[in-house]
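Undergrad: any chance you could fold what I've pasted below:
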Amino acid sequence: MATELLSVTCPRCGEATEVRFYGPCDGCRDELRSTYAIAARVIELAEYEPKMNVTPNAVASRADD
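TA: Residues are numbered from 1 along each chain as shown. As a prediction, this is how the structure comes out:
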């Protein structure tokens with residue numbers, strides 16, 4: 001586990017910071033989360049209907065003797 005803090009320069013704002021992993025500083029990360037936050041939603045899709053030119057597989061439609 002990475003428990004040591006790394007001294008890095010934030011790639012977004014350029015300020016020196018100490019973080020566990022390389023990436024944006026805490027302030028930039030909070031700003032990005034608030035800017036790009038979206039709410040999940042349910043999307044209704046139409047039921048699948050095969051095209052008319054699709055025929056059933058001969059083996060799958062064969063009656064058991």
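
Undergrad: what's next to the longest helix along the chain, contact-wise?
TA: Determined from DSSP state H, the single longest helix within the chain is helix 26-35. For helix 26-35, the external contacting residues (CB atoms under 8 Å, 6 or more residues apart in numbering) are Cys10, Arg12, Cys13, Thr17, Val19, Gly23, Pro24. Just so you know, the C-beta spots here come from the backbone N, C-alpha and C atoms, and that holds for glycine as well.

Undergrad: now the buried members of the residues you listed.
TA: Buried members of those, counted by 16 or more other CB atoms under 10 Å: Cys10, Thr17, Val19, Pro24.

Undergrad: in helices, which of those residues fall?
TA: Using DSSP H, the subset of the buried ones among the contacts of helix 26-35 located in helices is empty.

Undergrad: show the average pLDDT along the longest helix of the chain.
TA: For helix 26-35, the mean pLDDT works out to 93.

Undergrad: any buried residues in it, and which?
TA: Buried residues in helix 26-35 (16+ other CB under 10 Å): Cys28.

Undergrad: low-confidence regions, this structure specifically.
TA: The chain contains residues with pLDDT under 70 at 1-2, 52, 54-65.

Undergrad: where do the strands sit along it?
TA: 6-9, 16-19 (DSSP state E).

Undergrad: pull stretch 11-27 out as CSV, backbone CA atoms only.
TA: C-alpha atoms of stretch 11-27 as CSV (Å, rounded to 0.1, in the frame of the first residue of the first chain):
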residue,chain,number,x,y,z
PRO,A,11,-0.6,18.8,-13.4
ARG,A,12,-3.7,20.9,-13.6
CYS,A,13,-2.9,24.1,-11.6
GLY,A,14,0.9,23.8,-11.2
GLU,A,15,1.0,24.1,-7.4
ALA,A,16,3.3,22.0,-5.2
THR,A,17,1.3,19.5,-3.1
GLU,A,18,1.8,16.2,-1.2
VAL,A,19,-0.5,13.4,-2.3
ARG,A,20,-0.6,9.6,-2.1
PHE,A,21,-0.8,9.1,-5.9
TYR,A,22,0.2,11.3,-8.8
GLY,A,23,-2.6,13.4,-10.2
PRO,A,24,-4.6,16.6,-9.5
CYS,A,25,-4.4,18.2,-6.1
ASP,A,26,-7.3,18.0,-3.7
GLY,A,27,-8.7,21.4,-4.7
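
Undergrad: having no further points to raise, I will conclude here.
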